[in-house]
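here is a sequence with its predicted model. Questions after.
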Amino acid sequence: MVIDFLRSAWNKLTPKNNIEKQLHVSIATSVVMERAIELWSQMYCNNPPWRGGKADVIPLNLPAAIAEEMARLILTEFSIEVSGSARGDYINQQIKDNFTSLSDHVELYCAKGGICLKPYVSGQTINIDFTQADRFFPTAYTSSKEITGGIFVDTKRQGDYLYTRLECHSLVGTDYTITNHAFRSEKLNYQISDDDYISAQHPFMTVVPLSEVEDWAGLSEEPVTIQNVDHPLFVYIKVPRANNIDTYSPLGASVFSRAIEVIEQADRQFSRILWEYFATEAAVHASEDIFETDKKGNVILPEGKERLYRTFDFDIKEAGTGSYMKEYAPTIRDNSLFSGLNKYFQRIEFLCGLSYGTISDPQQIEKTAEEIRTSKQRSFTVVSRMQSAWDSGFDRLIYAMDVLCTLYGLAPAGKSEKAVTWGDGVLEDTNLEYQRRWSMVMAGKYKIEKFYAWYFGCTEDEALDLIPDNGELIPPKGGPGNRGNYPPEE
């Protein structure tokens, strides 16, 4: 099913074709890669190509759960501060204002393999546009696969039309050019999504001025060139795993891209379980002769018990049952089916870089202690690499915001020093670290207030108030699982 979906890319026109046709540019994305992003998007929205059909497959929504869990692990103890000058303080405030929903954007980054952060000025503030992978098309990149040019797609529904804006960014040497183009579609069919309208089957149609859409009225109709720019004024952050969909693409691959076939099989296995419950539901098989019928000859079953009876038109004597009714209650095979489903879950965890027990049943992990430890370390490593990718992306984001501050005079020139904290809860085994630190406290080699500050995520001054007055060394209530619960529960 998945292979057929990707192969169909060669026979289907896509938004990439439409953009290239309208702007006379070459997009550095293969059709297969574009279709892969489309597949990941469909899976994330719990609408994979294998949903429904003759097999009546009901998806488990695993891709969204995997992306959400990855985002949670990445941002478990995340914080960022920019300082160093008045400009650093200004950028710090802009970042905090734009990062209120960062977890949502990181989840979409995990699901679609990458995301673009594009800062822009609005009045005296800088907003950040988080562009999803299916709305960004790279046009140029370096030998190290750093993207230096791209096209951002923005759409607005206004009246009976869909307006599409293509914002083109290009860095040549140190000259950075931004160009905007606006198009108006034919009259809308509201049952078709915006993505369908920007595809080649629904071309942009008519070129219109940007002023025709209120939100775009302030944008320049002519290309804008900024000189002395070293890096693009946008940041593409990709999932730091090799892209095995298109090994030459500068784009990233979804965190669940290597588990697609297994996710499909898990969905099918779950559907078998639902069918097993339905097929083995207790019932009474009965002859239609024992029930009354309506004027049309339809059997009238006892009110409220229609689900209990299954009626058949058969001759009792010929059937040889000796009874008008017979109980139907076959043995259900749910244990073996759920065991098989759990095996699929464990395979998905391995392929996605999650530790065993994240989505599988932790009570059914038939693994050695070393295998479980290795799986946790694998998860720590995967998450650490994604944190590093975002950390590097923040450097480029701050650079772009610094350039905008200079261009628009938003803050006086000065240093912008970044300090990012990811915490140690993801990168270390918390239970192990808890025991290690507590043993150091008991040995007199680690101050109790430092332990409390680490455990509750508070300052050392606040931790001093939590220490018993009698000075007795008592571990915090709840053990390591309660870490970060500050103030502590009574």
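All right, it came through fine.

what ranges do the strands span in the stretch 251-400 of the chain?
Ranges of strands within the stretch 251-400 of the chain are 283-287, 309-312, 325-328, based on DSSP state E, counting those that start in this stretch.

how about the stretch 101-250 of the chain?
Residue ranges of the strands in the stretch 101-250 of the chain, as given by DSSP E, counting those that start in this stretch, are 114-122, 125-132, 136-141, 147-158, 161-172, 175-184, 206-208, 224-226, 235-238.

partners of the last one in the sheet?
Taking DSSP bridges as the criterion, strand 235-238 forms sheet pairs with strand 114-122 (antiparallel).

quick check: angle from the partner strand to strand 147-158?
70 degrees (axes from the mean of the first three to the mean of the last three C-alpha atoms, to 10 degrees).

how far out from the middle of the chain is strand 114-122?
Between the centre of strand 114-122 and the centre of its host chain there is 18 Å, according to C-alpha atoms, centre = their mean, to the nearest Å.

could you give me the buried positions within it?
G114, I115, C116, L117, K118, P119, Y120 (16 or more other C-beta atoms under 10 Å). In short, each C-beta sits where N, CA and C put it, glycine included.

that older thread, output the strands of the stretch 101-250 of the chain as JSON lines; include the columns distance to A71 and mean pLDDT.
Output for the strands of the stretch 101-250 of the chain, formatted as JSON lines (distance: least, C-beta to C-beta, whole Å; pLDDT from 0 to 100):
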{"stretch": "strand 114-122", "distance to A71": "11", "mean pLDDT": "95"}
{"stretch": "strand 125-132", "distance to A71": "13", "mean pLDDT": "96"}
{"stretch": "strand 136-141", "distance to A71": "19", "mean pLDDT": "94"}
{"stretch": "strand 147-158", "distance to A71": "22", "mean pLDDT": "91"}
{"stretch": "strand 161-172", "distance to A71": "26", "mean pLDDT": "91"}
{"stretch": "strand 175-184", "distance to A71": "30", "mean pLDDT": "93"}
{"stretch": "strand 206-208", "distance to A71": "38", "mean pLDDT": "87"}
{"stretch": "strand 224-226", "distance to A71": "33", "mean pLDDT": "95"}
{"stretch": "strand 235-238", "distance to A71": "13", "mean pLDDT": "97"}
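
shaky segments in the stretch 1-150 of the chain?
Residues of the stretch 1-150 of the chain that meet the criterion pLDDT under 70 lie in 1-14, 53-55.

any idea how far the nearest residue to Y399 once chain neighbours are set aside is from M401?
Leaving out its chain neighbours, the residue that sits closest to Y399 by C-beta to C-beta, 6 or more residues apart in numbering is H231, at 5.7 Å. Computed with C-beta to C-beta, to the nearest Å, the distance linking H231 and M401 is 12 Å.

which helix or strand lies directly C-terminal to the helix ranked longest in the chain?
Counting by DSSP state H, the longest helix found in the chain is helix 369-408. Following helix 369-408 in sequence order, the next helix or strand is strand 417-421 (DSSP states H and E).

pull the contacting residues for L210.
R165, N180, A182, W216, A217, L219, E221 (C-beta atoms under 8 Å, 6 or more residues apart in numbering).

among these, which ones are buried?
Looks like these have R165, N180, A182, W216, L219 buried, using 16+ other C-beta under 10 Å.

which strand residues bridge the third one?
Following DSSP bridges, A182 is listed with bridge partners R165, V208.

so for the closest residue to A266 other than its chain neighbours, what's the pLDDT?
Spatial nearest neighbour of A266, excluding adjacent residues (C-beta to C-beta, 6+ apart): Y344 at 4.0 Å. pLDDT, Y344: 94.

list the residues that contact Y344.
So Y344 contacts V262, Q265, A266, Q269 (C-beta under 8 Å, 6+ apart).

ranking these by neighbours, who comes first?
Neighbour tally across the contacts of Y344 (other C-beta atoms under 10 Å): the maximum, 23 neighbours, falls on A266.

hmm, L351 and it touching each other?
No: with contact defined as C-beta atoms under 8 Å, A266 does not count as touching L351 (11.4 Å).

so between H231 and M401, which is more surrounded?
Neighbours per residue (other C-beta under 10 Å) separate H231 from M401, with M401 holding more: 26 against 16.

how near is that one to T125?
11 Å.

what's the overlap in contacts for those two?
Residues touching both M401 and T125 by C-beta under 8 Å, 6+ apart: Q94.

got the domain ranges for this protein?
As given by automatic domain parsing, the domain ranges for the chain are 2-260+382-421, 430-482.

ranking those domains by burial, who's on top?
Scoring the domains of the chain by mean neighbour count under mean count of other C-beta atoms under 10 Å gives domain 2-260+382-421 as the most buried, with a mean of 18.

distance between it and the chain's centre?
Worked out by C-alpha atoms, centre = their mean, domain 2-260+382-421 lies 13 Å from the chain centre.

any chance of the domains of the chain in a markdown table with distance to Y277 as columns?
Putting the domains of the chain into a markdown table (distance: least, C-beta to C-beta, whole Å) gives the following:
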| stretch | distance to Y277 |
| --- | --- |
| domain 2-260+382-421 | 12 |
| domain 430-482 | 34 |
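
tally of neighbours for E276?
E276 has 17 neighbours, counted by other C-beta under 10 Å.

look up phi and psi at the residue nearest to Y399.
In terms of degrees, to the nearest 10, the main-chain angles of H231 are phi -140, psi 160.

again with T142
The phi/psi pair for T142 (degrees, to the nearest 10) is phi -90, psi 180.

likewise for the one 3 residues further on?
Backbone torsions for K145, taken as degrees, to the nearest 10, come to phi 70, psi 30.

got the contact list for the residue nearest to Y399?
Going by C-beta under 8 Å, 6+ apart, the list of residues near H231 reads L171, R396, Y399, A400.

how about T125: what's its closest non-neighbour residue?
Q94 (6.4 Å).

doesn't the one you found belong to a strand?
No: with DSSP: H, G, I helix; E, B strand; the rest coil as the criterion, Q94 is located in helix rather than a strand.

quick one, what contacts it?
Counting by C-beta under 8 Å, 6+ apart, Q94 touches P119, T125, I126, I128, M401.

among the contacts of Y344, which are located in helices?
Per DSSP H, the contacts of Y344 map to helices at V262, Q265, A266, Q269.
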